[in-house]
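>>> Give the three-dimensional model of this entry:
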Amino acid sequence: MDVFSKLGFERQRWQATDRYLRKDIQFFDVDLFCGKEKVEGFYAMNLPHRMKCVDLENSEFRLMNFDRNNPEYMFYYMKLRENIFNDDNADIVRCEEMHRSIVVNEKIKKALFEAGLKGLQFSNSIDITPKERTIYEKI
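Modelled structure (predicted):
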């Protein structure tokens, strides 16, 4: 399982992964501009599933609020939990602790590589400290 993020997606590149994602993801048209020029063929996505993904015991963070029901974190070092997808039928989810992050299982990661999608980074740990513990792959 890995986490990745991307602003816009080429729908054609994602078609190879559609057989896995139909229940887990919704695409919709977006108006994307480069200066004043409209760029065609890109979509945004909605991920209806959210899940706890971060191994808080092995991560380093600061709690940013005091709301027990909706805590917000600032991570210095973030490590994903093991076996995130064992208890759920979803293949791709939004990370509950890091709202802007998307977590995928190995099946989706492999399909994205095979589809030739570019500009994604897959990480199971992210370190913003000088300790350089980030583990990632890029496509």
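>>> Low-confidence regions, this protein specifically.
1-23, 87-88 (pLDDT under 70).
>>> Helices of that one, start to end?
All helices of the chain, identified by DSSP state H, fall at 11-14, 18-21, 106-115.
>>> for the last one, packing partners?
Pointing back at helix 106-115 there. helix 18-21 (3 or more C-beta pairs under 8 Å, 6 or more residues apart in numbering; DSSP states H and E). For every residue, glycine as well, the C-beta is placed using N, CA and C.
>>> what sits against residue 36?
Listed by C-beta atoms under 8 Å, 6 or more residues apart in numbering, residue 36 has no contact partners.
>>> same thing with residue 94?
Per C-beta under 8 Å, 6+ apart, neighbours of residue 94: 47, 49-51, 101-103.
>>> go on, residue 48?
Here residue 48 is in contact with 24, 26 (C-beta under 8 Å, 6+ apart).
>>> can you pull up the bridge partners for the residue positioned nearest the centre of the chain?
In the chain, the centroid-proximal residue (C-alpha atoms, centre = their mean) is residue 102; its distance is 1.6 Å. For residue 102, the residues forming beta bridges with it (DSSP bridges) are residue 4, residue 94.
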